[in-house]
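Trainee: my questions concern the predicted model and sequence given below.
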Amino acid sequence: MPCLLLRAAPGRRAGLAPGELAGVAATSGPGLIGGLIVGASFGKGIALARGLPFVAVNHLEAHALTARLPGLVEGGPPDFPYLLLLVSGGHCQCVAVEGVGRYRRLGTTRDDAVGEAFDKAAKLLGLPWPGGPHLERLAAQGDPARLALPRPMLGRPGCDFSFSGLKTAVAQARAPAPRARPGGGGYHRQGGMAPELCRVRRRGAPRRRGPGARGRRPRRPCRGVGAEPA
């Protein structure tokens, strides 16, 4: 955290000295408790040391409104309302963002979120936790045409998601192979599975946003994506 703070120090981005800060804010939930505790505790420490107010921010609302920050979205910050695909840790939601504090959830996962499905699939393939970064690296080297996995709920009405079946499909596809490891028989199966998993995630989730959002007339679609440690 201290290294990240130095990289994002106010003096480097906004031309402010640390003593000119008016307050400290950090996300405090909901989400993966480990990362939230680290960030919130570090923020509270800075606020306490400098006698500043500390503001606890809703983690999902922070993702929802990040698109409004200057310089992050090509073409400028979107006007309200906009359609948000929120993918963060154990959360996977399609949300109509109508204003600050005004959100309408159009759909959510019925079982696993994308990140959970990736972590479970990676474990089945013998990859370390967290699985997402390892699958991404393998996907860049593998053959995307080698395997075909199902696109969960694609074409069904509504904006809900389901990824537990994707994990089951991965388990069935790798069942005949020995435990995967570099240089072993399962490693080549990883190379075929990883690019297909990434393709399902990239093409399946965004396409779920259409049917349930009809009549909402959002001006622009946006994505809120949580970070996963490498």
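Mentor: Yep, it's here.

Trainee: next, Ala169: phi, psi?
Mentor: Note on Ala169: its backbone torsions stand at phi -60, psi -40 [degrees, to the nearest 10].

Trainee: now do Arg68
Mentor: Comment: the main-chain dihedrals of Arg68 come out as phi -80, psi -10, following degrees, to the nearest 10.

Trainee: so the closest residue to it other than its chain neighbours versus Ala67, what's the distance?
Mentor: Ranked by C-beta to C-beta, 6 or more residues apart in numbering and with sequence neighbours excluded, the top spatial neighbour of Arg68 is Pro77, at 4.6 Å. (C-beta placed from N, C-alpha, C; glycine too.) Taking C-beta to C-beta, to the nearest Å as the measure, Pro77 falls 7 Å from Ala67.

Trainee: three-state assignment of Cys43?
Mentor: For residue 43 the amino acid is Gly, not Cys. Three-state secondary structure (criterion: DSSP: H, G, I helix; E, B strand; the rest coil) places Gly43 in helix.

Trainee: next one: the one 3 residues further on
Mentor: The assignment at Ile46 comes out as helix when based on three-state DSSP.

Trainee: what's the burial count for the nearest residue to Ser164 once chain neighbours are set aside?
Mentor: Take Ser164 and drop its neighbours on the chain: the residue closest to it by C-beta to C-beta, 6+ apart is Asp111, 3.9 Å away. If you count neighbours by other C-beta atoms under 10 Å, Asp111 ends up with 16.

Trainee: got the confidence number for Asp111?
Mentor: On pLDDT, Asp111 comes in at 88.

Trainee: quick one: it and Phe161, what's the gap?
Mentor: The span separating Asp111 from Phe161 equals 9 Å under the rule C-beta to C-beta.

Trainee: against His134, how distant is Leu127?
Mentor: From Leu127 across to His134, the span is 4 Å (C-beta to C-beta).

Trainee: now do the strands in the protein.
Mentor: Using DSSP state E, the strands found in the chain span residues 24-29, 54-58, 82-88, 91-99, 102-108, 221-225.

Trainee: so which of these is the most surrounded?
Mentor: Among the strands of the chain, the stretch with the highest mean neighbour count (mean count of other C-beta atoms under 10 Å) is strand 82-88, at a mean of 23.

Trainee: how far off centre is that one?
Mentor: Here strand 82-88 shows a centroid-to-chain-centroid distance of 9 Å under the convention C-alpha atoms, centre = their mean, to the nearest Å.

Trainee: that one - contacts with which helices or strands?
Mentor: Here strand 82-88 touches helix 59-66, strand 91-99, helix 114-124, helix 187-207, strand 221-225, going by 3 or more C-beta pairs under 8 Å, 6 or more residues apart in numbering; DSSP states H and E.
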